[in-house]
Structures are given as structure tokens and as C-alpha cells.
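>>> got a sequence here, can you model it:
(chains A and B)
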Amino acid sequence: MKVGILGIQGDFDKHRKLLDDLQTESIVVRYESELSSIDGLIIPGGESTTLTHIIRRTKLMEPLKLFAEQKPVFGTCAGLIMMAKSVDDYRIEPLGILDISVSRNAYGRQVFSFSETIELSDIGKQSFATGTFIRAPRIKSLGTTVEILAHYHGEPVAVQEGAHIGLSFHPELDNELYFHKMFLAECESKINFTDKSNVA
Amino acid sequence: MSKGIFEIKVGLAEMLKGGVIMDVTTPEQAKIAEDAGAVAVMALERIPSDIRKDGGIARMSDPEMIIGIQKIVSIPVMAKCRIGHFVEAQILEALEVDFIDESEVLTPADEVNHVWKHDFKVPFVCGCRNLGEALRRIGEGAAMIRTKGEAGSGNIVEAVRHMRQVQHDMKSLTIMDKEELMAAAKKMGAPFALVEQVAKTGKLPVPNFAAGGIATPADASLMLQLGAEAVFVGSGIFASDDPLPRAKAIVEATTYYDDPEKLATISTGLKSAMKGLDMAEIPEGQRMAERGW
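All right, here's what the predicted structure looks like:
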């Protein structure tokens, strides 16, 4: 299995280190051709305006949407914004991968950034995780097929729809492996499913 | 200071990696910078090349101008305080700027001490010419380091010198015996714990950006290939003939910094870059990089 991390701008290197810790092969993706060799894509934190500009200029919008129709995508912070169906800001052209609407910088400027405990919905081995929110977005509404993976103060901060996962915080800054493991499991099951259907 | 505050400050610096931070002096310029794909803007009253030309004392910007820029853009807004001027820093924090640059571009307020940056919730970036200077600033609480370069010169030579020096100093530490580290710390005037950390990792404990003299897409790529994780462009954009295409080109060059074919396309058809200054044209006492200790 090989995971791609969108390397247009942002903390892609942090995600890469975390995948190294999980012994998962990864590449930084900046060209359309690189999408064909990966089993899942991470859109990291960064500035969503910058991501929008470069994605437009390098004509990656359609290839990324097409990729999401076939394989799992995982986004953190700016990545979540890019995955949303709608964003409260004309400057952003999101990919519409998750049926959610988000509000940018919704907790305020950097002096209001914070790191707190968040509550996981699936209380298995672990019921809490650390969430570091940097000028973070808020999930304002979600479609009926979207599942909430974690809450902070009663609000959804991590969601999943189909094989796609989006978080408003940065597990990559805290070495929090929970969500990356979940994403890798989605990539794994997609590979197994595709293999089986090829045989059939 | 409560636990984790420093990590949150470094967290924002992490998010700016692979991006371009642009100096702007008006809300209109800030808008152009955001439209071009800048990850943040630095709000200041005069770009460094004009500060150099005009002379006089360069101070923190008028809050009204900073607020004007905060209203118009959605990306982080940075602002500069004078070296050691912790009250300018307090005011900038009260204005909720996202990053403070304790900058040699402004006239220093204290010729011995820098701001104690751990006392602030807002993160700081500081310039350096070598590893010792970088680690002293990190010891004081800087969440991001940049080269000083020579601001307002349009000349990349000093930024290259400073980035190469920092990289060289870090490499030297990684091959030293444990016994040698204390002497190295003493020689470079840096906190021992940080020297020890760099000896282990070979990297700065905070993001390492480049600034000072970047004027072309090739300059941005050069700094990234030398190890910078993002770039600041000061006078290079708005002192050039056609700022928007140049700003866009530098943003794209920062993403595709290691792809010469792309860089060739990106660099094609831009109007003149800022004229720039040879270092010999800047008298010793007037070099901004010499400010800070």
C-alpha cells in the first residue's frame, strides 16, 4: 500500500513522519500523474486560499475529484475545508468530497488557537484524543450520510462519509495515530475490495 | 506559561511551510498578495527598500493600517516590532496579529536584549545569520526562524550566506562527540540544551524560513533547495514592475522548487524585477542584518 500526501503547501512533512511511524510507504503528490500510483490521499493543513490557487492553476481540481470517487481521501484543517461541499468564503473552491459545510477560521485568529481533549464517538480501546486547533474551521452542517467520529464541546470536529475522513484539527502535530490508522484501514479495505472485484 | 502553548505557536509556523509570506503596505496590496496565493502577509508601513531610501527611525506600523489589512484578507496577518521593544509586541498581540516579526528591518529599541517571547500567546519569528543567533532566539521563545539576508536589497547573496552558515553549523554539530558540545555551545553563545537537540536531529527545533533579498522565482527556489521551508518576500514583489504576476510566479515556484522545467515556464514573461543593490553599495553601518545580537 502506498499513500500520497498533497504537497502543494502546508504541513505535509508532518503527515509523512506519522506514516513512517506507522510503517506505511508514502509519497508527496504535486502532479496529476502521481495520483495513479497511490491507494489513498491525505490533504494536509496549510492555507486553503493557497491550496485553491495552486490547484486551479495546475488544473488539479478535476483529477482530485475523480480520485475521490475511487479512493479514500483524508483531510486535516485546510484539508477538511478543501474536502467540504460548501465553504463560507468565496475565495475557496472546495472539492465537494464530504457532504458538509464549513466556516473558515471559526475559532478566531492565532491567539485563540488551542490544544484540548476531544471525545471519540466509537468508544473502543480509546475514548479520548488530543486535538490541536490552529486557526481552525468549524463544521456548520452535515448531510445525513455523514458520521461524526469526534466531538469537542458538543460540536463535530471529525467526520466520515464513505471512505473519506475529515478533521478540523491536526493529529499530525500531536503524533495522535488514531485517525491515521482509521484512514489506512479504509485504504486497505478499498484495495481488498478492488482485488476481489477484479478476480470476479 | 501553561504547557503546550509553545507547540501551538510552532503549529502555525508548520502550516505556513511551502508557502510565501509577502510584505504589504496597503489593504489593496494585501488583497493582491492573497489573490496570488500568499500564505500570509506582513503588514508594514514602508517596504524595506523604501525604509532604506527614506532613512529616519522605522517603528511598528500604525494599528489602523494593520486593522485595515486584517479586515480585507482571510490569511494570517503578521506585523513587525522593533528588536527589544516588548511594548510594541504587546500592542501587536492586543491587535490579534497572527505572528510578530521582531525585525532588524526596523530600528532596534534595545541594543543588548531581545523580547522575551515566551511571555506572549502570539508566535514570533526572528532573523538570524548563523546557528548561535537562531538558537538564542529560540531560547527566548521564537516559534520560527528566518535568515536575515539583507532586506530591501533585492540581492539574494546575504540570505544564501546566512542559510548556508546555519546549515553548516548544524551539520558540524551532528558529527561532534558529546564531549565537544559544551565547547561548541560556548563558542556560538547558544543554550546548551538546544545545541544538544540540534546535534541529535540535525535540524532546527522550529521551522526554518528564508528572507531578505528574494526577488525572483529562481531566488525562492534557490532558498528552498538550500534547506529553507518557506520564503518571505519583502520589497521583491511591490517594488517590481508588475506585482501580481510576479507574486503568483513566486508562489508557484515555492511549490515546484525542485522542477527546473516548471521553473522555466514560471519565470517566463515576467516584467522587470526590482533593481536591487550590490552589497558594496550599502555602507557597512547601514546593513540591516548587522542589527540584533
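>>> local confidence estimate at the closest residue to A:Val87 other than its chain neighbours?
Counting by CB to CB, 6 or more residues apart in numbering or on different chains, A:Val87 lies nearest to A:Pro94, which is 5.2 Å off, once chain neighbours are set aside. In short, each C-beta sits where N, CA and C put it, glycine included. If you check A:Pro94, the pLDDT there is 98.
>>> next, count neighbours for A:Pro94.
A:Pro94 has 22 neighbours, counted by other CB atoms under 10 Å in any protein chain shown.
>>> what's the helix or strand for it?
Here A:Pro94 sits in a region with no helix or strand, counting by DSSP states H and E.
>>> got it, and A:Ile27?
Using DSSP H and E, A:Ile27 sits within strand A:25-29.
>>> in that strand, what's buried?
A:26, A:28-29 (16 or more other CB atoms under 10 Å in any protein chain shown).
>>> now check the one helix or strand A:His15 maps to, is it near chain B?
Under the assignment given by DSSP H and E, the secondary-structure element containing A:His15 is helix A:12-21. Yes: contact between helix A:12-21 and chain B is present through A:12-14 (criterion: CB under 8 Å from any CB of the partner chain).
>>> any chance you could map the helices in chain A?
A:12-21, A:48-57, A:61-70, A:78-83, A:178-199 (DSSP state H).
>>> among the ones you listed, which is the most enclosed?
Each of these was scored by mean neighbour count; the highest is helix A:78-83, a mean of 30, by mean count of other CB atoms under 10 Å in any protein chain shown.
>>> wondering if that one reaches chain B at all.
Yes: Helix A:78-83 lies within reach of chain B by CB under 8 Å from any CB, at A:Ala78.
>>> how many residues are close by the residue of the stretch 1-150 of chain B found nearest chain A?
Proximity to chain A, evaluated over the stretch 1-150 of chain B using CB to the nearest CB, is greatest for B:Gly37 at 3.6 Å. Around B:Gly37 sit 28 other residues, with neighbours defined as other CB under 10 Å.
>>> quick one: contacts for it?
Counting by CB atoms under 8 Å, 6 or more residues apart in numbering or on different chains, B:Gly37 makes contact with A:49-50, A:53-54, A:57, B:20, B:247-248, B:251-252.
>>> chain B contacts on chain A?
Where proximity means CB under 8 Å from any CB, the interface of chain A facing chain B comprises A:7-14, A:30, A:45-47, A:49-50, A:53-54, A:57-58, A:77-78, A:89, A:91, A:104-105, A:108-111, A:113-115, A:132, A:134-135, A:170, A:173.
>>> what's the PyMOL line that selects buried ones from the residues you listed?
Provided next is the PyMOL selection string for whichever of these are buried by 16+ other CB under 10 Å:
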select buried, chain A and resi 7+8+9+10+11+12+13+14+30+45+46+47+49+50+53+54+58+77+78+89+104+105+109+110+111+113+114+115+132+134+135+170+173
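>>> show me the contacts for B:Ala13.
When contacts are counted by CB under 8 Å, 6+ apart, B:Ala13 is found next to B:99, B:123, B:125, B:143-144, B:206-207.
>>> between the helix or strand containing it and helix A:12-21, how many degrees?
Assigned by DSSP H and E, B:Ala13 belongs to helix B:5-15. Compare the direction of helix B:5-15 with that of helix A:12-21 by axes from the mean of the first three to the mean of the last three CA atoms, to 10 degrees and you get 110 degrees.
>>> buried set for helix B:5-15?
Under the neighbour-count criterion of 16+ other CB under 10 Å, helix B:5-15 has B:5-6, B:8-15 buried.
>>> restricting to C-alpha, output the helix or strand of chain B with the lowest mean pLDDT in CSV.
Considering only helices and strands, the least confidently modelled element of chain B by mean pLDDT, DSSP states H and E is helix B:48-54, at a mean of 86. Below are the C-alpha coordinates for helix B:48-54, written out as CSV (Å, rounded to 0.1, in the frame of the first residue of the first chain):
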residue,chain,number,x,y,z
PRO,B,48,12.4,47.7,3.4
SER,B,49,13.8,49.2,0.2
ASP,B,50,11.9,52.5,1.0
ILE,B,51,12.9,52.4,4.6
ARG,B,52,16.5,52.2,3.4
LYS,B,53,15.9,55.1,1.0
ASP,B,54,14.0,57.3,3.4
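>>> same for the next helix or strand after it, what does it pack against?
Scanning the chain past helix B:48-54 towards its C-terminal end, the next helix or strand to appear is helix B:63-72 (assignment: DSSP H and E). The criterion is 3 or more CB pairs under 8 Å, 6 or more residues apart in numbering or on different chains; DSSP states H and E, and the helices and strands that helix B:63-72 contacts are helix B:27-36, strand B:40-43, strand B:77-82.
>>> one more time with 10 Å
Judged by 3 or more CB pairs under 10 Å, 6 or more residues apart in numbering or on different chains; DSSP states H and E, the packing partners of helix B:63-72 are strand B:20-24, helix B:27-36, strand B:40-43, strand B:77-82, helix B:86-94.
>>> could you dump those to TSV with mean neighbour count?
Formatted as TSV, the entries for these read as follows, by neighbours: other CB atoms under 10 Å in any protein chain shown:
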stretch	mean neighbour count
strand B:20-24	29
helix B:27-36	20
strand B:40-43	28
strand B:77-82	27
helix B:86-94	19
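>>> make JSON lines out of the ones you listed and add mean pLDDT.
Below are those laid out as JSON lines (pLDDT from 0 to 100):
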{"stretch": "strand B:20-24", "mean pLDDT": "97"}
{"stretch": "helix B:27-36", "mean pLDDT": "97"}
{"stretch": "strand B:40-43", "mean pLDDT": "97"}
{"stretch": "strand B:77-82", "mean pLDDT": "98"}
{"stretch": "helix B:86-94", "mean pLDDT": "98"}
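>>> same list (these) but as TSV, adding distance to B:Glu281.
Conversion of these to TSV gives the following (distance: least, CB to CB, whole Å):
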stretch	distance to B:Glu281
strand B:20-24	21
helix B:27-36	26
strand B:40-43	25
strand B:77-82	24
helix B:86-94	30
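>>> and these: which comes nearest B:Val115?
Smallest distance to B:Val115 across the helices and strands packed on helix B:63-72 (CB to CB): 4.6 Å, for helix B:86-94.
>>> the helix or strand just after that closest one pairs with which strands, and in what direction?
For helix B:86-94, the following helix or strand on the C-terminal side (DSSP H and E) is strand B:99-103. In the sheet containing strand B:99-103, its partner strands are strand B:77-82 (parallel), strand B:124-128 (parallel), by DSSP bridges.
>>> who wins for proximity to B:Val105 among those strands?
Among the strands paired with strand B:99-103, if distance is taken as CB to CB, the winner is strand B:77-82, at 6.4 Å.
>>> and the closest one, how far out from the chain middle?
Mean-position distance between strand B:77-82 and its chain equals 11 Å (CA atoms, centre = their mean, to the nearest Å).
>>> same thing with stretch A:34-47?
Averaging C-alpha coordinates over stretch A:34-47 and over its chain gives two centres that are 9 Å apart (CA atoms, centre = their mean).
>>> next: stretch A:68-88.
Per CA atoms, centre = their mean, the centroid offset for stretch A:68-88 relative to its chain is 6 Å.
>>> average model confidence for it?
Across stretch A:68-88, the per-residue pLDDT values average to 98.
>>> next, the distance between the ends of it.
Terminal residues of stretch A:68-88 are spaced 22 Å apart (CA to CA, to the nearest Å).
>>> again with stretch A:129-137
With CA to CA, one end of stretch A:129-137 sits 18 Å from the other.
>>> thinking again about what came up before, JSON lines for the strands paired with strand B:99-103, including distance to B:His162?
Below are these laid out as JSON lines (distance: least, CB to CB, whole Å):
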{"stretch": "strand B:77-82", "distance to B:His162": "18"}
{"stretch": "strand B:124-128", "distance to B:His162": "7"}
